[in-house]
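Chemist: predicted model, plus sequence, below.
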Amino acid sequence: MPLDTPARIVQELTARGLNADREAVTLIANADDPDHALDRTVEHVPGSALSLTAEDVRAALDTPVSGGSNGSKNQDTQPDTPPEMKGVGAGAQTVATIENDVTGRSTGTGVYDDFVSVFRDRYERLAGLLRSRVNHRPSSAVADMPGGSEAALVGMVTDIRSTANGHWLVEIEDTTGTFPTLVTKDKDIAALVEDLVFDEVVAVEGRLADDAGILFVDDLFLPDVPRTFEPTTADRPVSAALISDIHVGSYEFLDDAWGSFADWLHSEEADRVEYLLIAGDMVEGVGVYPGQDEELAIVDIYEQYESFAEQLKAVPGDLEIVMIPGNHDAVRLAEPQPAFDDELTDIMAAHDARVSGNPSVVTIEGVSVLMYHGVSLDEMIAEIPEASYDEPQVAMTHLLKKRHLAPPFGERTRVAPEDHDYLVIDEVPDVFHAGHVHKLGYGRYHNVTVINSGCWQAQTSFQRRVNIVPDAGYAPIIDLDTLDVTVRKFT
């Protein structure tokens, strides 16, 4: 097959046991005869070399052909000035830093004390974001106040019920006990109650009933993102591609779309793209749902990751890649999920890709990106009236409002009890990136850029049954210096 695209050049080099940086691939692709240029380059690379550089290509193509000067490539055919490439010279990319990663720090054993610890940690950290907004007292102290007193509480929502008259009863719990509150339907804040879910932390203030047995709520506050939040941006023109849900191993994996994406990353148009952040579900997995085996093109989980690694090799070698797992990946299902184990990491070692846990905060060029696969979005979409699969970014903004990635404990989302709640959003991220729902959506909430990146898998039989049409073959590209988002389609 002729080497007519950068992706095919990368694949051919990989088959010969070589990785290559982006400029090296571009020099070969721009040659008059790429096949000949590749052969010449491979001939001149030292046998111990594992990676091919632009200098290797130039040296090989500048070397006279043995026995004459009829070679199709010599220094006269090379461009006087090579194209400007990512990570070369001034302005080269910085190394991503990763925080809030549970990998190697998991302490939960499933005993009662672990559950107490994770709830107490969640409460203390989120309550800390709310205490400055109300003059709160512990629920035990409020219970001792006289009827008619003004009072405020900060606590976790343990029950939400509507009354026969359309009012809302919300039970609030803190470390000293529980207390019932009532939001009447005529209050402006009644709409906020419709969006509450179990186990989120809120603050309420109002007036006690005459018998002091219930608090009539006048105001309700969420931890939320401050309206004054100002994101950090990069100090140079640089971009990142944000993708998720590759699902290699499925019959529905879009191999051609991925190839087009890889080709585009090698193009001059993608010159600014220096980072690739993948938010989970590298592979289709095995045994994830009943009847899945009928939709598997690759039935062995390790072979699925090997196939994914081959796909990853098609992207430019100088991209910095960060990957977190999802619910189809071969890690524990309970969140927070640790990174892939050493065996899987070694399989996916193309381009020195970095792996981290789900969730993680990845900082690139000074811009913090909260990466979360997004299993809890199913729950948010089911519970919150305005949320839907067609606009997944709406459900994501509600997680930002609650400052927690999976508030309801013990419902649809499996959460591991750790001594530290890794799902609390302590620091407001500049970018919030998720996947899971296979739908594309993006926007901004209080200056936080919110992106759900779609998928690389065509509609499955399960999705047909529940009437979900996936947004497949899309790659959101975020300019880190402006936080503007452009969506590229490869199908």
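Modeler: Cool, got the structure.
Chemist: quick one: Arg227 from Val448, how far?
Modeler: 11 Å (CB to CB, to the nearest Å). C-betas here are computed from N, CA, C, even on glycine.
Chemist: what strand or helix carries Leu277?
Modeler: strand 273-279 (DSSP states H and E).
Chemist: cool, Thr41 as well?
Modeler: helix 34-44.
Chemist: model confidence over that helix, on average?
Modeler: Averaging pLDDT along helix 34-44 gives 84.
Chemist: shaky segments in the stretch 301-450 of the chain?
Modeler: Scanning the stretch 301-450 of the chain for pLDDT under 70 picks out no residues.
Chemist: leaving out chain neighbours, which residue sits closest to Tyr445?
Modeler: What sits nearest to Tyr445 in space, not counting adjacent residues and going by CB to CB, 6 or more residues apart in numbering, is Thr397, at 4.2 Å.
Chemist: could you look up the SS state of the one you found?
Modeler: When classified by DSSP: H, G, I helix; E, B strand; the rest coil, Thr397 comes out as helix.
Chemist: now do the contacts for it.
Modeler: Contact analysis of Thr397 by CB atoms under 8 Å, 6 or more residues apart in numbering lists 443, 445, 450.
Chemist: name the member of these with the most neighbours.
Modeler: Sorting the contacts of Thr397 by how many neighbours each has (other CB atoms under 10 Å) puts Val450 first, at 24 neighbours.
Chemist: list the strands paired with the helix or strand containing that one, with their directions.
Modeler: Per DSSP H and E: Val450 is located in strand 448-453. Its sheet considered, strand 448-453 pairs with strand 431-434 (parallel), strand 440-445 (antiparallel) by DSSP bridges.
Chemist: so which of those strands is the most surrounded?
Modeler: Each of those was scored by mean neighbour count; the highest is strand 431-434, a mean of 28, by mean count of other CB atoms under 10 Å.
Chemist: next helix or strand past the strand holding Leu277?
Modeler: Trace forward from strand 273-279 with DSSP H and E and the next one is helix 301-312.
Chemist: grab the longest helix from the chain for me.
Modeler: helix 112-130 (DSSP state H).
Chemist: pLDDT of that one, averaged?
Modeler: For helix 112-130, the per-residue pLDDT averages 93.
Chemist: can I get it in CSV? Just the C-alpha atoms.
Modeler: The C-alpha coordinates for helix 112-130 follow below in CSV (Å, rounded to 0.1, in the frame of the first residue of the first chain):
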residue,chain,number,x,y,z
TYR,A,112,-18.4,0.6,58.3
ASP,A,113,-15.7,3.1,59.3
ASP,A,114,-14.7,3.6,55.7
PHE,A,115,-18.2,4.8,54.8
VAL,A,116,-18.2,7.1,57.8
SER,A,117,-14.9,8.6,56.7
VAL,A,118,-15.9,9.3,53.2
PHE,A,119,-19.1,11.0,54.2
ARG,A,120,-17.5,13.0,56.9
ASP,A,121,-14.7,14.1,54.5
ARG,A,122,-17.2,15.1,51.9
TYR,A,123,-19.3,17.1,54.4
GLU,A,124,-16.4,18.9,55.9
ARG,A,125,-14.9,20.0,52.6
LEU,A,126,-18.1,21.1,51.0
ALA,A,127,-19.5,22.7,54.1
GLY,A,128,-16.3,24.7,54.2
LEU,A,129,-17.4,26.3,50.9
LEU,A,130,-20.8,27.3,52.4
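Chemist: and Gly213, which of the strands paired with strand 448-453 is closest to it?
Modeler: For the strands paired with strand 448-453, the distance to Gly213 is smallest for strand 440-445, at 37.6 Å, taking CB to CB.
Chemist: that older thread, and the strand holding Leu277, what does it pack against?
Modeler: strand 239-243, strand 320-324, strand 360-364, strand 367-372, strand 431-434 (3 or more CB pairs under 8 Å, 6 or more residues apart in numbering; DSSP states H and E).
Chemist: now the strands paired with strand 448-453 as JSON lines including distance to Val183?
Modeler: Below are the strands paired with strand 448-453 laid out as JSON lines (distance: least, CB to CB, whole Å):
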{"stretch": "strand 431-434", "distance to Val183": "28"}
{"stretch": "strand 440-445", "distance to Val183": "24"}
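Chemist: closest one to Thr163 among those strands?
Modeler: strand 440-445 (31.7 Å).
Chemist: who's in contact with that closest one?
Modeler: 225, 390-394, 396-397, 400, 449-454, 471, 474, 476, 485, 487.
Chemist: those residues, buried ones only, as a PyMOL selection?
Modeler: Here is the PyMOL command that selects the buried residues among the contacts of strand 440-445 (16 or more other CB atoms under 10 Å):
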select buried, resi 225+391+392+393+394+396+397+400+449+450+451+452+453+454+471+474+476+485
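Chemist: is Ala279 bridged to anything, and to what?
Modeler: Ile324.
Chemist: now the helices for this structure?
Modeler: 6-15, 22-29, 34-44, 54-62, 112-130, 139-143, 190-194, 255-265, 301-312, 342-347, 376-383, 392-402, 461-465.
Chemist: name the residues that touch the longest one?
Modeler: Translated: helix 112-130. 107-108, 136, 154-156, 174-175, 199-203, 221, 223, 403-404, 409, 415, 417-421, 423-424, 426.
Chemist: what's the closest non-adjacent residue to Val288?
Modeler: Counting by CB to CB, 6+ apart, the residue nearest Val288 is His328, at 5.3 Å.
Chemist: doesn't Tyr289 make contact with the one you found?
Modeler: No. Applying CB atoms under 8 Å, one finds His328 not in contact with Tyr289, separated by 9.3 Å.
Chemist: pretty sure His175 contacts Pro138?
Modeler: Careful, residue 175 is Thr; it's not His. Yes. Contact criterion CB under 8 Å: Thr175 and Pro138 qualify, at 7.4 Å.
Chemist: redo the helices and strands packed on strand 273-279 as JSON lines? Include distance to Glu294.
Modeler: As requested, the helices and strands packed on strand 273-279 are exported to JSON lines (distance: least, CB to CB, whole Å):
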{"stretch": "strand 239-243", "distance to Glu294": "26"}
{"stretch": "strand 320-324", "distance to Glu294": "27"}
{"stretch": "strand 360-364", "distance to Glu294": "34"}
{"stretch": "strand 367-372", "distance to Glu294": "30"}
{"stretch": "strand 431-434", "distance to Glu294": "28"}
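Chemist: residues near the closest residue in space to Asp293 that isn't next to it in sequence, how many?
Modeler: Spatial nearest neighbour of Asp293, excluding adjacent residues (CB to CB, 6+ apart): Val299 at 6.6 Å. Counted with other CB under 10 Å, residues neighbouring Val299 total 12.
Chemist: can you check the pLDDT for Val299?
Modeler: Reported pLDDT for Val299: 94.
Chemist: figure out which of the helices of the chain is closest to Ile324.
Modeler: Nearest of the helices of the chain (CB to CB): helix 342-347, 12.3 Å.
Chemist: list the buried residues of that closest one.
Modeler: 344, 347.
Chemist: in CSV, list the C-alpha atoms belonging to it.
Modeler: Taking C-alpha atoms only, helix 342-347 is exported to CSV below (Å, rounded to 0.1, in the frame of the first residue of the first chain):
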residue,chain,number,x,y,z
ASP,A,342,1.4,-2.0,34.9
GLU,A,343,0.6,-4.7,32.4
LEU,A,344,-2.0,-2.7,30.6
THR,A,345,0.1,0.5,30.9
ASP,A,346,3.0,-1.3,29.2
ILE,A,347,0.7,-2.4,26.4
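Chemist: next one: it to chain centre, how far?
Modeler: In this view, helix 342-347 has its centroid 20 Å away from the chain centroid, taken as CA atoms, centre = their mean, to the nearest Å.
Chemist: so which elements touch it?
Modeler: Partner elements for helix 342-347 (3+ CB pairs under 8 Å, 6+ apart): helix 301-312.
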